[in-house]
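> Please work out how this folds:
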Amino acid sequence: MLDPRIERLADVLVNYSTKVQPGENVLVEAFGIENPLVKSIVQKIHKAGGRPFVNLRDHQVTRELLMNATEEQIKTWADFDAYQMTRMQAYIGVRGGNNIYELSDVPDENMKLYNKFYNHNVHSTIRVKKTKWVVLRYPTPSMSQLASMSTEAFEKLYFDVCTMDYSKMSKAMDALVDLMNKTDKVRLIADETDLTFSIKDIPAIKCAGEMNIPDGEVFTAPVRDSVNGVISYNTPSPYNGFVFENVKLRFENGKIIEATANDTKRINQIFDTDDGARFVGEFAIGINPFILNPMKDILFDEKIAGSIHFTPGQAYDEADNGNRSSIHWDLVLIQRPEYGGGEIYFDDRLIRKDGLFVIPELIPLNPENLK
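Predicted structure coming up:
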């Protein structure tokens with residue numbers, strides 16, 4: 001018998017997140033997961049009148065493809081999958097796998113080519129801009145380990161997070177969207193962090209289960225050249241198969257002029273990918289009440305209650321500050337007391353302290369009001 005939690009999740013993905021309509025082509029892309037969720041998604045798409053297509057991927061195979069890949073091979077790979085993506089009206093990406101480090105020994109140059117030609121051309125240019133899409137992780141024992149939880153406890157957390165009442169969250173977000181749209185200057189304060197920037201005239205966008213599952217953030221972007229000061233991220237962040245920790249960035253007129261981490265050489269190589277990699281394309285506030293601690297998975301970590309993420313690289317079209325890059329790296333700072341606390345100011349007005357909103361119109365976004 002199908003686990004009813006899986007069926008409920010498939011229903012959320014097809015009928016809430018992507019709102020599949022009759023006659024629409026829907027690409028389901030699954031990485032290293034078991035088949036029950038994929039089968040249920042396909043069933044739901046058919047029931048909605050859509051036309052499902054499925055790609056089953058494996059990270060070990062991807063690694064083998066990339067280890068000795070040539071630029072021409074990656075370009076051809078990207079062209080092939082880009083054509084498929086142009087035929088789709090919706091996309092559901094289910095990420096899973098037993099080893100988050102599977103790509104850690106792929107040569108840096110090959111990963112840069114993959115990000116530049118495949119991820120940028122297939123996903124950033126076509127999937128993100130031209131389809132209704134949602135991306136999620138699927139619970140595996142490796143995710144339970146990263147979260148320092150038993151498999152059973154993590155599965156419960158996972159389904160609580162992924163099938164929560166996102167429509168309620170969406171309504172509560174409206175006040176934060178309105179406030180951000182009226183704000184010019186933002187200041188972030190935390191341990192070894194004092195950062196200022198402007199978000200004036202850049203739209204604020206709410207994310208409540210329609211593009212990511214789990215979800216729970218409101219994002220915008222800083223005015224590209226307005227960022228000044230220093231930020232120290234307190235959440236481990238996997239990128240290209242390596243987990244970065246103790247990332248500290250110093251900005252001057254929008255640009256990262258100093259970057260340090262547990263591998264300072266490696267992080268600077270990432271920021272040297274292209275001109276836009278040293279500028280920021282996104283600022284977001286995380287509010288998911290079920291996600292409290294990092295688990296080295298950005299789809300979860302960027303939604304942590306009481307967090308922000310401040311993202312070097314490509315800006316989104318919906319909140320565009322003009323920055324262009326082949327990278328988009330969501331780095332997370334948690335400001336709850338157990339992570340050192342912190343404050344957010346909008347135009348010199350304190351709006352969140354130690355992870356909790358303190359002004360009346362935003363109180364509904366605090367965890368106890370969203371569960």
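> so which helix or strand takes in the residue nearest to the spatial centre of the chain?
In the chain, the residue lying closest to the centroid (C-alpha atoms, centre = their mean) is Leu299, at 4.6 Å. Per DSSP states H and E: Leu299 is located in helix 298-301.
> Quick check: mean pLDDT of that helix?
The predicted model gives helix 298-301 an average pLDDT of 89.
> hang on, the earlier thing: spit out the contact partners of the residue nearest to the centre of the chain.
Listed by C-beta atoms under 8 Å, 6 or more residues apart in numbering, the contact partners of Leu299 are 95, 135-137, 212-214. Every residue, glycine included, has its C-beta placed from N, CA and C.
> Among those residues, the buried ones, what's the ChimeraX command?
To isolate the buried members of those in ChimeraX, using 16 or more other C-beta atoms under 10 Å:
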select :95,135,136,137,212,213,214
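> from the contacts of Leu299, which is closest to Ala315?
Asn212 (17.1 Å; C-beta to C-beta).
> So the closest one sits against Arg137, correct?
No: under the criterion of C-beta atoms under 8 Å, Asn212 makes no contact with Arg137, lying 9.6 Å away.
> Skip ahead from the lowest-mean-pLDDT helix or strand in the chain and say which helix or strand is next.
Using mean pLDDT, DSSP states H and E, helix 141-146 stands out as the lowest-scoring helix or strand of the chain, at a mean of 80. Heading C-terminal from helix 141-146, the first helix or strand you meet, by DSSP H and E, is helix 151-162.
> Ramachandran angles for Lys353?
phi -130, psi 130 (degrees, to the nearest 10).
> can you count the residues close to it?
Lys353 has 17 neighbours, counted by other C-beta atoms under 10 Å.
> measure it to Arg63 for me?
Going from Lys353 to Arg63 by C-beta to C-beta, to the nearest Å gives 44 Å.
> repeat for Ala284
30 Å.
> between the two, who's got more neighbours?
More neighbours surround Ala284 than the other of Ala284 and Arg63, with 24 against 16 (other C-beta under 10 Å).
> A strand includes the more buried one, no?
Yes: per DSSP: H, G, I helix; E, B strand; the rest coil, Ala284 lies within a strand segment.
> Skipping its backbone neighbours, what lies nearest Asn55 in space?
Computed as C-beta to C-beta, 6 or more residues apart in numbering, the closest residue to Asn55 that is not its neighbour in sequence is Glu29, at 4.5 Å.
> count of residues packed around Thr62?
Other residues close to Thr62 by other C-beta under 10 Å number 17.
> what about the nearest residue to it once chain neighbours are set aside, which SS state?
Closest residue in space to Thr62, ignoring its immediate chain neighbours: Leu103 at 7.1 Å, by C-beta to C-beta, 6+ apart. Here Leu103 is recorded as coil under three-state DSSP.
> tell me, how many neighbours does Leu103 end up with?
Neighbour tally, Leu103, other C-beta under 10 Å: 20.
> Surely it touches Arg63?
Yes: with contact defined as C-beta under 8 Å, Leu103 reaches Arg63; the gap is 5.7 Å.
> got the contact list for stretch 33-53?
2-3, 6-7, 9-11, 13-15, 20-28, 30, 54, 56, 84, 88, 90, 92, 94-97, 138, 140.
> Is it possible to mark the buried ones in those?
Using 16+ other C-beta under 10 Å, the buried ones in those are 6-7, 9-11, 13-14, 20, 24-28, 30, 54, 88, 90, 92, 94-97, 138, 140.
> Which of these fall within strands?
Here DSSP state E is the test, and the buried ones among the contacts of stretch 33-53 give 25-28, 30, 54, 90, 92, 94-95 as lying in strands.
> for those, which one is nearest Pro337?
Scanning these for proximity to Pro337, where the rule is C-beta to C-beta, the winner is Arg95, at 31.5 Å.
> okay, now Arg57: neighbour count?
For Arg57, using other C-beta under 10 Å, the count is 16.
> ignore the last one, Arg352
Neighbours of Arg352 (other C-beta under 10 Å): 24.
> Now it: closest residue in space that isn't a chain neighbour?
Ile344 is the one closest to Arg352 (C-beta to C-beta, 6+ apart), at 4.4 Å.
> For that neighbour, give its distance to Ile256.
Distance of Ile344 to Ile256, computed by C-beta to C-beta: 21 Å.
> swap in Asp165?
According to C-beta to C-beta, Asp165 stands 38 Å off from Ile256.
> Also Ala315?
Distance from Ala315 to Ile256, by C-beta to C-beta: 15 Å.
> who's more crowded, the two?
Ala315 (24 against 19).
> The more buried one against Gly281, yeah?
Yes: under the contact definition of C-beta under 8 Å, Ala315 touches Gly281, with a separation of 3.6 Å.
> Mind listing the shared neighbours of those two?
221, 321, 323.
> Quick one: the residues you listed as CSV, columns for pLDDT and neighbour count too.
Output for those, formatted as CSV (pLDDT from 0 to 100; neighbours: other C-beta atoms under 10 Å):
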residue, pLDDT, neighbour count
Ala221, 98, 26
Asn321, 98, 23
Asn323, 98, 24
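> quick one: which of those residues is nearest Asn262?
For the shared contacts of Ala315 and Gly281, the nearest to Asn262 is Asn323 (25.9 Å; C-beta to C-beta).
> and the closest one, what does it touch?
Asn323 neighbours (C-beta under 8 Å, 6+ apart): 221, 224, 276, 279-281, 313-315.
> Quick check: end-to-end length of stretch 106-115?
Distance between the two ends of stretch 106-115: 12 Å, counting by C-alpha to C-alpha, to the nearest Å.
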